[in-house]
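>>> Pasted the sequence and its predicted model underneath.
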Amino acid sequence: WNHVIPSEREMFKKNDQHLQTQMFSTIDSLPESERERLEQSWAGTFYREFFSRIDERVFSVLYADVASRPNVPVNIMIGLETLKAGRGWSDEEMIDAYYFNLQVRHALGLRNLGQQHFDVRSTYNFRQRLSQHMQETGENLLEKAFEQVTGEQISAIGLKTSDIRMDSTYVASNIREFSRLQLLVEVLQRVRRMLSEIDQA
């Protein structure tokens, strides 16, 4: 069928909104002791040590060079995929956690529950772009990003090593697996739509 690459409809825009201080937010409405607990939880560590270090520019090759609607933030997509792989979530559990779990939103640099909503199809499109780029160029952008993050972490805590890196293999293999499954489901859906109501039944 006629396949339209999603990246032809979106342009790359770096997400630095998480660095801007807001006057009022869901997190700021919490009592101080709860805000401190949130900051000291895994969510605060994930935000500081992983999310804030992601260089989104590495992924700009996945998007159009022409003016169009901006992409869903790359650092949020990578953060979500990383949490999904680490926690063993399904896509539905991942999206529910993103919408409703304050710790997950804090880990992804979001201070309000109603902020930065997007359709679940955006995650499928992002996985498809990553997979297609890897097939066409042999370049694993996730691995590149994880190496950069790990390099910054090593430098920040003063480790003396030349061969430590965070492994992105699990996240990348999850994305490839879901891309194949997504393709199969799409083919089946298209075939079903071509059938008469009797044949569909």
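Done, it's in. Here the structure is a predicted model, which means the values were calculated and not measured.
>>> Let me see the ranges of the strands in the chain.
Taking DSSP state E, the strands of the chain run over residues 10-11, 69-70.
>>> What number of residues are in the vicinity of residue 62?
As a burial measure, residue 62 scores 21 neighbours (other C-beta atoms under 10 Å). The C-beta positions use only the backbone N, C-alpha and C, and glycine is treated the same way.
>>> can you tell me how far it sits from residue 200?
Distance, residue 62 to residue 200, using C-beta to C-beta, to the nearest Å: 36 Å.
>>> Kindly report the same for residue 120.
Residue 120 is 25 Å from residue 200, by C-beta to C-beta.
>>> tell me which residues in stretch 92-111 are buried?
94-95, 97-98, 102, 104-111 (16 or more other C-beta atoms under 10 Å).
>>> er, stretch 37-52 I mean
38, 43-44, 46-47, 50-51.
>>> Span of it from start to end?
19 Å (C-alpha to C-alpha, to the nearest Å).
>>> what does it rub up against?
By C-beta atoms under 8 Å, 6 or more residues apart in numbering, the residues outside stretch 37-52 that reach it are 18, 27, 30, 75, 79, 82-83, 102-104, 106-109, 149, 153.
>>> repeat that for 10 Å
18-19, 27, 30-31, 35-36, 53, 75-76, 78-79, 82-83, 86, 101-110, 146, 149-150, 152-153, 156-157, 166 (C-beta atoms under 10 Å, 6 or more residues apart in numbering).
>>> Show me where this structure has its helices.
Ranges of helices in the chain, per DSSP state H, are 32-40, 42-49, 74-87, 91-100, 102-107, 121-137, 141-157, 169-194, 197-200.
>>> Would you mind saying which of those helices lies nearest residue 57?
helix 74-87 (8.9 Å; C-beta to C-beta).
>>> for the closest one, what is the average pLDDT?
Across helix 74-87, the average pLDDT comes to 89.
>>> buried set for that helix?
74-85.
>>> so where is the chain shaky, pLDDT-wise?
Within the chain, the segments meeting pLDDT under 70 span 1-15, 17-23, 66-71, 116, 153-191, 193.
>>> can we see that at 50?
1-8, 162-166 (pLDDT under 50).
>>> List the residues that contact the nearest residue to residue 35 once chain neighbours are set aside.
Using C-beta to C-beta, 6 or more residues apart in numbering and skipping the chain neighbours, the partner closest in space to residue 35 is residue 27 (6.3 Å). By C-beta under 10 Å, 6+ apart, the residues touching residue 27 are 34-35, 38-39, 102, 105-106, 110-113.
>>> of all those, which comes closest to residue 132?
residue 110 (28.0 Å).
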